[in-house]
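*Asks:* A structural model of the following input is requested.
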Amino acid sequence: MSKETTKSRPAEPAGDESLLALWRIEKMRLRTEQMVGVEFRLVFWRGKGHIVGADAGGLSLLVRGMRADYTWDRLAVTWKRLVANHTLTVDELGGGHDAVGIVSIFALLLADALDVLDADGLLILKEHADTPVHQHADMNRPTSWAPWRRKIHGD
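*Replies:* Numbering: from 1, shown residues only. Here you go, the predicted structure:
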């Protein structure tokens with residue numbers, strides 16, 4: 001068989017979280033290159049999204065008719081934030097169509113590592129070994145955690 005017809009998948013790296021994050025994003029890039037044209041369900045918003053392009057330069061989505069373009073670096077930074085916090089919301093990312101696109105594509109492609117609370121626009125990391133960093137603050141209640149954080153942590 002030729003090299004073009006066979007693709008080997010690298011084994012998941014052990015240990016270093018940065019390396020694991022980069023591996024996840026590379027795995028995501030390889031999958032999306034094969035999924036151009038695929039429709040997926042949106043998290044937090046009603047409707048569908050579409051993968052319109054994926055290559056070494058980045059990922060392009062249509063989110064309810066609005067185009068959102070991402071670099072793999074941006075997606076890697078966002079994944080690292082999710083790993084550090086153990087959670088990620090659409091609101092944390094700005095609440096727009098680009099935020100819905102990121103959360104929805106993570107939910108689709110990384111479903112093995114995430115739980116999704118669709119009504120809250122929330123992704124929760126299934127497995128983690130450390131305590132969360134909690135970079136997000138609920139400014140409406142400066143002395144308490146956001147209500148969805150209580151669901152997760154029981155505070």
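
*Asks:* Next up, the contacts around residue 101.
*Replies:* 49, 61, 63, 68, 70 (C-beta atoms under 8 Å, 6 or more residues apart in numbering). C-beta coordinates here come from the backbone N, C-alpha and C atoms, glycine included.

*Asks:* List just the nearest of the residues you listed to residue 19.
*Replies:* Residue 19 lies nearest to residue 70 out of the contacts of residue 101, by C-beta to C-beta, at 21.0 Å.

*Asks:* show me what contacts the closest one?
*Replies:* For residue 70, the contact set (C-beta under 8 Å, 6+ apart) comprises 58, 59, 60, 61, 98, 101, 102.

*Asks:* ok, now with 10 Å
*Replies:* 54, 58, 59, 60, 61, 78, 98, 101, 102, 105 (C-beta atoms under 10 Å, 6 or more residues apart in numbering).

*Asks:* Identify, from those, the entry nearest to residue 130.
*Replies:* residue 78 (18.4 Å).

*Asks:* Pretty sure that closest one sits against residue 99.
*Replies:* Yes: counting by C-beta atoms under 10 Å, residue 78 touches residue 99, with 9.5 Å between them.

*Asks:* hey, what's in contact with both of the two?
*Replies:* Here residue 78 and residue 99 share the contacting residues 88, 92, 93, scored by C-beta under 10 Å, 6+ apart.

*Asks:* By neighbours, which of the residues you listed wins?
*Replies:* Among the shared contacts of residue 78 and residue 99, residue 88 has the most neighbours (other C-beta atoms under 10 Å), with 27 neighbours.

*Asks:* List the pairing partners of the longest strand anywhere in the chain within its sheet, with orientation.
*Replies:* Ordering each strand of the chain by length in residues (DSSP state E) puts strand 48-55 first. Here strand 48-55 has these sheet partners by DSSP bridges: strand 39-41 (antiparallel), strand 58-63 (antiparallel).

*Asks:* what about the residue nearest to the spatial centre of the chain, helix or strand, and which?
*Replies:* Nearest to the centroid of the C-alpha atoms of the chain, with distances taken as C-alpha atoms, centre = their mean, sits residue 106, at 3.0 Å. Assigned by DSSP states H and E, residue 106 belongs to helix 97-109.
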